[in-house]
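Q: Just to be clear, the model below is a prediction. Sequence and coordinates:
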Amino acid sequence: MPLVRISLIKGKPPTYIRAVADGVHRALHEAYNAPVDDRFQLIEQREAGELIYDPDYLGIHRTDDIIIIHVFAGNWRDAAMKQAFYNRVVELLADDPGMRPQDVQIVISSNERADWSFGNGIASYVAR
């Protein structure tokens, strides 16, 4: 169950935002083995001064089209799967809505199975 927070600077049309959300979800399904119906996303649009980034960190030039994708997911995926996910996100977002790969930043925060409750006050991934 990935929970995804997508942060970007305000001003993009709804179709752009939906294309980003759809591309990230598709990459999670295709490259990260998330079930297709396992979709939980938070979209945060920030004022220009509320999303602060270094435009050239690690020699990668970013613009105000930057999006930061924060994925909260179980720790049962390896580095190769994470890399495949990063690559697939960039491919899909380059295709639609036409993002530059340099403007796509992704971070994954891993956690344990007991850290998820999908309702009813139970740890949904823990055997009972």
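A: Arrived safely. Numbers count the residues shown, from 1 in each chain.
Q: how would you label the residue most central in space within the chain: helix, strand or coil?
A: Compute the mean C-alpha point of the chain, and by CA atoms, centre = their mean the closest residue is Ile69, 3.6 Å away. On the three-state scheme (DSSP: H, G, I helix; E, B strand; the rest coil), Ile69 is labelled strand.
Q: For the nearest residue to Ala84 once chain neighbours are set aside, pull up the helix or strand it's in.
A: Among residues not flanking Ala84 along the chain, Ala31 sits closest, at 4.2 Å (CB to CB, 6 or more residues apart in numbering). In this view, the C-beta of every residue, glycine as well, is placed from N, C-alpha and C. Element membership of Ala31 [criterion: DSSP states H and E] is helix 14-32.
Q: Show residues contacting that helix.
A: 2, 4, 6, 8, 34-36, 38-39, 41, 43, 45, 67, 69, 71, 73, 77, 81-82, 84-85, 87-89, 92-93, 95-97, 99 (CB atoms under 8 Å, 6 or more residues apart in numbering).
Q: Let me know whether the residue nearest to the centre of the chain touches Leu92 as I believe.
A: No - assessed by CB atoms under 8 Å, Ile69 is found out of contact with Leu92, at 11.7 Å.
Q: that older thread, quick check: pLDDT value at the residue nearest to Ala84.
A: As predicted, Ala31 sits at a pLDDT of 96.
Q: With Trp116 instead?
A: 76.
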